[in-house]
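A.B. asks: Here is my input, please return the structure:
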Amino acid sequence: IISNNEIAGYSESAKNDYIKDIFEQAYLSELSVIVIDSLDTLIEYYRDEITGTLRFMNSVYNVIKTLIKRNPTKKNHRLLILLNTEEMSGFDFTKYLNINVEMPLLEKDGMNIPIKDMY
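C.D. replies: Here you go, the predicted structure:
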């Protein structure tokens with residue numbers, strides 16, 4: 001699992017190294033699953049309220065994008081990548097993924113709630 005909880009406080013280059021290491025470990029196994037939890041938080045994505053400009057850690061975004069597109073190097077090895085994000089308008093990861101499922105917000109007591117807040 002690649003989660004901001006694991007790498008909070010890391011420098012940008014340390015985040016990149018951590019993410020690369022997780023993928024390299026996954027490539028060693030015939031069957032692996034990587035969960036990228038809250039991509040928007042990992043790349044520190046936000047929209048500047050004054051200028052409306054998108055802000056994020058470009059190098060972390062590019063490392064994740066590159067690793068998602070790469071196939072395992074050994075024949076017959078399979079890697080399933082589950083990626084979730086809360087708000088990423090302006091980014092299109094669907095072209096790098098075989099399957100894209102958008103999960104709508106759920107409604108509880110008349111309010112929309114993200115799935116992660118249901119537990």
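
A.B. asks: Quick check: chain neighbours aside, which residue is closest to the residue nearest the centre of the chain?
C.D. replies: In the chain, the centroid-proximal residue (Cα atoms, centre = their mean) is residue 39; its distance is 3.4 Å. Leaving aside its chain neighbours, residue 39 sits nearest to residue 85 (4.2 Å; criterion: Cβ to Cβ, 6 or more residues apart in numbering). The C-beta positions use only the backbone N, C-alpha and C, and glycine is treated the same way.

A.B. asks: which residues does that neighbour contact?
C.D. replies: For residue 85, the contact set (Cβ atoms under 8 Å, 6 or more residues apart in numbering) comprises 38-40.

A.B. asks: Export these as JSON lines, with columns for distance to residue 17.
C.D. replies: Formatted as JSON lines, the contacts of residue 85 follow (distance: Cβ to Cβ, whole Å):
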{"residue": "38", "distance to residue 17": "19"}
{"residue": "39", "distance to residue 17": "18"}
{"residue": "40", "distance to residue 17": "21"}
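
A.B. asks: The residues you listed into CSV, with extra columns for distance to residue 11, pLDDT and secondary structure?
C.D. replies: Listed next are those as CSV, based on distance: Cβ to Cβ, whole Å; pLDDT from 0 to 100; DSSP: H, G, I helix; E, B strand; the rest coil:
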residue, distance to residue 11, pLDDT, secondary structure
38, 19, 84, coil
39, 19, 84, helix
40, 19, 83, helix
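
A.B. asks: Out of these, the closest to residue 30 would be?
C.D. replies: Set against residue 30, the nearest of the contacts of residue 85 by Cβ to Cβ is residue 39 (26.0 Å).

A.B. asks: Would you confirm that that closest one contacts residue 83?
C.D. replies: Yes: Residue 39 is within contact range of residue 83, at 5.8 Å (criterion: Cβ atoms under 8 Å).
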